[in-house]
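Asker: Dropping the sequence and predicted coords here.
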Amino acid sequence: MKACVVVFPGSNCDRDVQVALSNVIGGPVEMVWHGDSEMAATDLIVLPGGFSYGDYLRSGAMSARSPVMREIIARAERGVAVLGICNGFQVLTEAGLLPGALLPNAGLKFVCRDVRVRVENSQTPFTNSYEQGQVLSIPVAHHDGQYFAEPHTLDAMRTGDQIAFRYDDDNPNGSLDDIAGIFNQRKTVLGLMPHPERAADALHGGTDGRGLLQSLVAALA
Amino acid sequence: MKARVHVSFKNGVLDPQGKAIGLTLANLGFAGVGDVRQGKLIELELAESDAGAARKSVEEMCEKLLANTVIENYAIELEDD
Amino acid sequence: MKARVHVSFKNGVLDPQGKAIGLTLANLGFAGVGDVRQGKLIELELAESDAGAARKSVEEMCEKLLANTVIENYAIELEDD
Amino acid sequence: MAAPTAGACCKAWWPLLRNEPDITAAVVAEHGLSEDEYRTILNVLGREPNLTELGIFSVMWSEHCSYKSSKVWLKTLPTEAPWVICGPGENAGVVDIGEGKAVIFKMESHNHPSFIEPYQGAATGVGGILRDVFTMGARPIANMNALRFGAPEDPKTRHLVAGVVAGVGGYGNCVGVPTVGGEVNFDPAYNGNILVNAMTVGLADVDKIFYSAAAGIGNPVVYVGSKTGRDGIHGATMASAEFDDATEEKRPTVQVGDPFTEKLLIEACLELMATDAIVAIQDMGAAGLTCSSVEMADKGGVGLDLDIDQVPQRETGMSTYEVMLSESQERMLMVLRPGAEDIARKIFEKWQLDFAVVGKVSNTGRFIGRAGGEVVFDIPVRPLVDESPEYERPWVKTEAPAPLGKIAAPMDHMEALQTLLAGPDLSSRRWVWEQYDHTVMADTVRKPGGDAAIVRIHGSNRGLAVATDCTPRYCRAEPEAGGAQAVAEVWRNLTAVGARPLAITDCLNFGNPERPEIMGQFVGCIQGMTAACRALDFPVVSGNVSLYNETHGQAILPTPAIGGIGVLDDLGRFADLALRREKDIMLLVGHTKGHLGQSIYLRQLLNRDDGQAPAVDLSAERRNGDFIRNLIVEGWVDSCHDLSDGGLLVAAAEMALAGGIGLALSGPNDAGFWFGEDQGRYLIAVPETALGLVLQRAEEREVAVQTIGITGGEALTLNASTPISIAELRRCHESWLPGYMANA
Ligand SMILES: Nc1ncnc2c1ncn2[C@@H]1O[C@H](COP(=O)(O)OP(=O)(O)O)[C@@H](O)[C@H]1O
Ligand SMILES: [Mg+2]
């Protein structure tokens, strides 16, 4: 399986996800600079966490307009898997690859802690190694993670099984309907606020995030 | 020419910042403060001198970058120097 | 009565957000955009109906909470409904 | 001797620049220079300075840059050990941790700006210390922050806490460096003068360390990062001036941080450092372009020619004075190998940062600036640095406090415990550290909340432990004991996770050094630190001094904040404070005399702050610590906590809370036993199978141990008291700070 991680100016979890992913894949994971509009063939594109462009104006807004995003949108339309973690999730909504938007946390503070998230749809390339309803412990670390969508959008997502993860008991940011992660309609694009790459190694204190990466390897290899 | 873009949350989108300001004002003893909303005001210097063209270009900036129309409205004001 | 408070960085204070917006607009191909500054626009509903009193009270809110006059300026506009 | 009225001597050939005021006595005083200091300037130059030159001298000779009051004492600190690669004198200290890796670290204060603008003050404090570390070639891997606020009841405190914490997080989170620990104290002595001390730890290859000495006559001097604006002009002088009501006017000197640009700067610098383009590099911190150029030239024993017109400027019409004294953030100065400009420019342009060749290294030994082709300042480098004032300020030894007499026990021990855990001194700091990204970089092994944070050395199975500490109330009572205690406690914290302590950085926050009693506190603390550093083989490799922390003549508590690092050679074996199993035996290690002087018990429950500070027996400290560390690295013990504020019962409760496992304790019914703050002690939870070995070894090493309880259940019990459930203890411990902060 071939995977790449896109680096925007201000991305800061690019290395983290590269390491976690290459441990699971057992091979290298390529880094792609945001300014490049060329990208080698790949099975998975990861938009990492961080503060691209400082999260200035709106989180993810400026990265979503990077040259590389045009290529990513085209690939996503062709069905290439795209995973956006935290800031990557924000970029995906800003770029229109996922519905809705991420607003500043209801508590108006940055929040970094382990949260419990429930797997809402285990029948996807991103979640096949989890059980339906399984509760995972994965850290979040964000300031703008409050998911918002118009009521009709939310209805459509519910009917389309597009809700990937919900906060189980403790919603850290006031997200609508406790949403922690969502898919596009085809389940080829996932955006989520928690950081699976920070729960991928015994020394992290838990490995619940590893399953997401393993699912991808199982589905795409 | 100078342009001012006011970006604000749409009705129906929670504005926690505005709410927090309202609460704090009340705690500070300011009475009679109702709804509080916080938006952004972006000021741009433009080389363009034609108002029509300037407005068109700023509108495009709003659609493309300055506002996220899923959650935000924008309003444009132009000012001659 | 409605009050609008515009809070912006003082002249000479670095505005990193404005700077980044300017850069991105240029990257997006918008030509002729000079200085960009991003400020806050806070809109308040006031029970007060006397303009003088309202302005005084909003000024006090600015000094106490809405602006940090170390680095920010504020401007108040009042609007009758 | 007559005061040297400016203008009185040799009206110079030197042109004053247009619109610049004459150098009158008032202008000299405004620059914070004494008459004597001005006389020295006249001697150095052999003529009158112009305004820019005066400005340059004034910032170089400010307390902040010249350490004029503290230098003589700083020289007495132990700074050497076989593993020290670079001690004080560079941007940060460098320590060899083996396997080709070095740790580079330093702590710095940003007190005054943070009081005036808490968010930006704290944010730019973090930015500044990060630059000191990556300047030397290290990738920053951990941040720490030591914060001191006024009394919770003070009307400003809440706002300051909120702003400072948001600012520390706002900057550190954005640059993607985990903030893994720190400390927070409240005391009325900080009401008008909070302390914001930030520390950065970075990792480098031992053969890829960058220094600041300029070299190579003719080599290009290059400016990178953000443009220069009129930010914080006089900032360095402000940081050395006592607060008074005129503070209002100094306000616009606060800078706004741009962590996004800093992140780009880190990446761009590290990218360039991977080539061989850089001869020397120095961040622009306090006193900006002036201080960085002069230090680089002085260290290299060379001159430097600057072309002011080439300096990237954010605003129009900036004067040379402003350009030279600006404290705009996120800027660096480098000397490049000849011909390396192009590869450097390419990297910085890729990261959309400013890049400009602003001068060259010269053999004149002079610091010369030109603007519009004309010389606008010309100062010999050596005397600008060497002739800087150095004061042996008079000092008086702090009077020893009377020993504490008998005290009345105010309440039942368990009730006292609950009150203490739910109070400002000992309550959980979770509200603070959850606003800091402490897991970014995916190498955080032990997050905030324990004795020392642990981060993995990336790509290896080794770890780095980091801790900061200081107990200012001890330092006020007995500076020497307090100074020693601060160092010992850091050492103990590192030891408690199983790390081998290596070295410390310090941030010495004191009041006005011109007052002999304040200088006495400073001297006492240094002497105590020195003794502890020697006894524990724990040298000082970097640090910072912040003086004049006073408002209206009220000084802060003497606060020598210490930050230390240690190494764990195998991440398979470390300890933390969490209880892990039922039926472990709780052992108290170290001597307990029941010292209640200056304790939290006294302070919070009896509202008293008298008595002596606890003495640190440095040889027992070392013996006990080595005993503990060996048990951990050999795998016998994995649950350990050192005893500090609040004493034994508080430490035991924290272990139960961290592990979610209960504990039954027994011992004398004596407040001193349960709440005394005797030093050099640890609590360990030992599996029954290891008990024999541990006890035997303690006997061999002459380490005092005693059994005080057994783990298990879901509550904490003391002798025959009513048990308190872990859940209830947690509620006590977790509620104070969020409750206090919510009450805006
Ligand atoms: N209290 C101290 N103990 C040891 N070294 C110190 C102390 N204070 C300052 N130093 C050292 O003096 C040098 C100058 O400090 P400073 O001016 O704070 O550095 P910078 O200019 O990089 O901000 C540094 O090498 C620092 O480590
Ligand atoms: Mg430095």
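Answerer: Now that the structure is in, tell me what you want to look at. Numbering: from 1, shown residues only, chains lettered A, B, ... in the order given. Ligands and ions are numbered 1, 2, ... in the order given.
Asker: residue contacts, the spatially most central residue of chain D?
Answerer: The residue at the geometric middle of chain D, judged as the C-alpha nearest the mean C-alpha position with C-alpha atoms, centre = their mean, is residue D:107 (2.9 Å). By C-beta atoms under 8 Å, 6 or more residues apart in numbering or on different chains, residue D:107 lies in contact with D:129, D:144, D:146, D:197-199, D:468, D:505-507, D:542-544, D:561, D:563. Quick note: C-beta positions are derived from backbone N, CA and C, even for glycine.
Asker: Now it: closest residue in space, sequence neighbours ignored.
Answerer: Nearest residue to residue D:107, sequence neighbours excluded (C-beta to C-beta, 6 or more residues apart in numbering or on different chains): residue D:199, at 3.8 Å.
Asker: count of residues packed around that neighbour?
Answerer: A count of nearby residues for residue D:199, using other C-beta atoms under 10 Å in any protein chain shown, gives 33.
Asker: How about the backbone phi and psi for it?
Answerer: Summarising the backbone geometry of residue D:199 under the convention degrees, to the nearest 10, its torsions are phi -130, psi 140.
Asker: that's a helix at residue D:129, yeah?
Answerer: Yes. Using DSSP: H, G, I helix; E, B strand; the rest coil, the secondary structure at residue D:129 is a helix.
Asker: if we can go back for a sec, from chain C, how far out is the residue nearest to the centre of chain D?
Answerer: When C-beta to the nearest C-beta, to the nearest Å is the yardstick, residue D:107 and chain C sit 25 Å from each other.
Asker: what does residue D:53 give?
Answerer: Applying C-beta to the nearest C-beta to residue D:53 and chain C gives a distance of 24 Å.
Asker: how many other residues sit next to that residue?
Answerer: Applying other C-beta under 10 Å, we find 26 other residues in the vicinity of residue D:53.
Asker: Kindly report the same for the one 5 residues further on.
Answerer: Around residue D:58 sit 26 other residues, with neighbours defined as other C-beta under 10 Å.
Asker: ditto for the one 10 residues further on
Answerer: The criterion is other C-beta under 10 Å. On that basis, residue D:68 has 20 neighbouring residues.
Asker: ok, now which ones touch it?
Answerer: For residue D:68, the residues meeting the contact criterion (C-beta under 8 Å, 6+ apart) are D:61, D:388, D:389, D:390, D:391.
Asker: same for the helix or strand that contains residue D:696, what does it pack against?
Answerer: Here residue D:696 sits within helix D:688-700, counting by DSSP states H and E. Counting contacts by 3 or more C-beta pairs under 8 Å, 6 or more residues apart in numbering or on different chains; DSSP states H and E, helix D:688-700 packs against strand D:585-589, helix D:618-633, strand D:705-711.
Asker: Where do the helices of chain B begin and end?
Answerer: Listed in chain order, the helices found in chain B under DSSP state H are B:16-27, B:51-61.
Asker: Out of those, which gets nearest to ligand 1?
Answerer: For these, the distance to ligand 1 is smallest for helix B:16-27, at 35.2 Å, taking C-beta to the nearest ligand atom.
Asker: Give me every residue in chain B lying close to chain D.
Answerer: For chain B, the residues found near chain D under the criterion C-beta under 8 Å from any C-beta of the partner chain are B:23, B:24, B:27.
Asker: 6 Å instead, please
Answerer: B:24, B:27 (C-beta under 6 Å from any C-beta of the partner chain).
Asker: residue ranges with poor pLDDT in chain B?
Answerer: Along chain B, the parts satisfying pLDDT under 70 run over B:81.
Asker: Quick check: the two most widely separated of the contacts of residue D:107?
Answerer: Taking C-beta to C-beta as the measure, these span a maximum distance of 14.8 Å, between D:146 and D:542.
Asker: re earlier: with mean neighbour count as extra columns, can I get the helices of chain B in a markdown table?
Answerer: Shown next, in a markdown table, are the helices of chain B (neighbours: other C-beta atoms under 10 Å in any protein chain shown):
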| stretch | mean neighbour count |
| --- | --- |
| helix B:16-27 | 17 |
| helix B:51-61 | 16 |
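Asker: and the residue nearest to residue D:283 when sequence neighbours are not counted, how many neighbours does it have?
Answerer: The shortest distance from residue D:283 to any residue that is not its chain neighbour, by C-beta to C-beta, 6+ apart, is 3.7 Å, and that residue is residue D:131. Other residues near residue D:131 come to 28 when the count uses other C-beta under 10 Å.
Asker: For residue A:130, list the residues it contacts.
Answerer: Contacts were defined as C-beta atoms under 6 Å, 6 or more residues apart in numbering or on different chains; by that measure residue A:130 touches A:119, A:122, A:211.
Asker: Which of those fall in helices?
Answerer: For the contacts of residue A:130, secondary structure assignment (DSSP H) places residue A:211 in helices.
Asker: hang on, the earlier thing: so which of the helices and strands packed on helix D:688-700 is nearest residue D:39?
Answerer: helix D:618-633 (45.3 Å).
Asker: so residue D:358 touches residue D:312, yeah?
Answerer: No. With contacts defined as C-beta atoms under 6 Å, residue D:358 does not count as touching residue D:312, sitting 8.7 Å away.
Asker: Can you list the buried residues in the strand ranked longest in chain B?
Answerer: With DSSP state E setting the assignment, residue counts place strand B:33-46 as the longest strand in chain B. Within strand B:33-46, the residues scored as buried using 16 or more other C-beta atoms under 10 Å in any protein chain shown are B:33, B:36, B:37, B:38, B:39, B:40, B:41, B:42, B:43, B:44, B:46.
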